[in-house]
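>>> quick one: sequence and predicted model below, then my questions.
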Amino acid sequence: MQNYEKLLEEAYKKVRQVSASGERFVIPKVEGHFEGKKTIITNFYQIASYLRRKPEHFQKFLLKELAASGQKEGDRLVLNMKVPSSKINQKIEEYVNEFVLCKECKKPDTEQIKDGRVNFINCLACGAKHPTR
């Protein structure tokens, strides 16, 4: 019986903890630094993969919303201007609300699909389908 309790305790340690707010989906914060007049986002691909979206789509949104030019260099995104991390995090939240979260059930279990010339978000949790821009 003692072995079972020890195994159970180990299993509880390995289970992903729910945040204090009760949400299982927490938007990752941007990590990066400035190099001269450029902003380097070092965890760009990690954020895109966590959101389960194509890095190209995510990059296009960020560059357009921040009114900045930039390019991918390896696993990071280089913006050709100084942008504070608070503004980048705000734009990531807007991206999540527009392209990741389901409009009906507010869950992040969605996928982007293209039907003809229109892009849709298809919710894998509730089955809802919503057009996006």
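Perfect, I can see it now.

>>> hey, let's count contacts and neighbours off CA atoms from now on
OK.

>>> which residues of the protein fall in helices?
Under the criterion DSSP state H, the chain carries helices at the ranges 2-14, 44-51, 55-66, 85-99.

>>> per-residue pLDDT of the closest residue to residue 109 other than its chain neighbours, please?
Among residues not flanking residue 109 along the chain, residue 124 sits closest, at 5.5 Å (CA to CA, 6 or more residues apart in numbering). Looking at residue 124, its pLDDT stands at 89.

>>> and what of residue 27?
Looking at residue 27, its pLDDT stands at 83.

>>> pretty sure it contacts residue 94?
No: if you go by CA atoms under 8 Å, residue 27 and residue 94 don't touch, sitting 10.8 Å apart.

>>> with just CA atoms, put the lowest-mean-pLDDT helix or strand in the chain into CSV.
Of all helical and strand segments in the chain, the minimum by mean pLDDT, DSSP states H and E falls on helix 2-14, at a mean of 83. What follows is helix 2-14, C-alpha atoms only, in CSV (Å, rounded to 0.1, in the frame of the first residue of the first chain):
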residue,chain,number,x,y,z
GLN,A,2,2.9,2.3,0.7
ASN,A,3,4.3,1.8,-2.8
TYR,A,4,0.9,2.8,-4.3
GLU,A,5,0.8,6.1,-2.3
LYS,A,6,4.4,6.9,-3.3
LEU,A,7,3.5,6.3,-7.0
LEU,A,8,0.4,8.4,-6.7
GLU,A,9,2.3,11.2,-5.1
GLU,A,10,4.9,11.1,-8.0
ALA,A,11,2.0,11.2,-10.5
TYR,A,12,0.5,14.2,-8.9
LYS,A,13,3.8,16.0,-9.2
LYS,A,14,4.0,15.3,-13.0
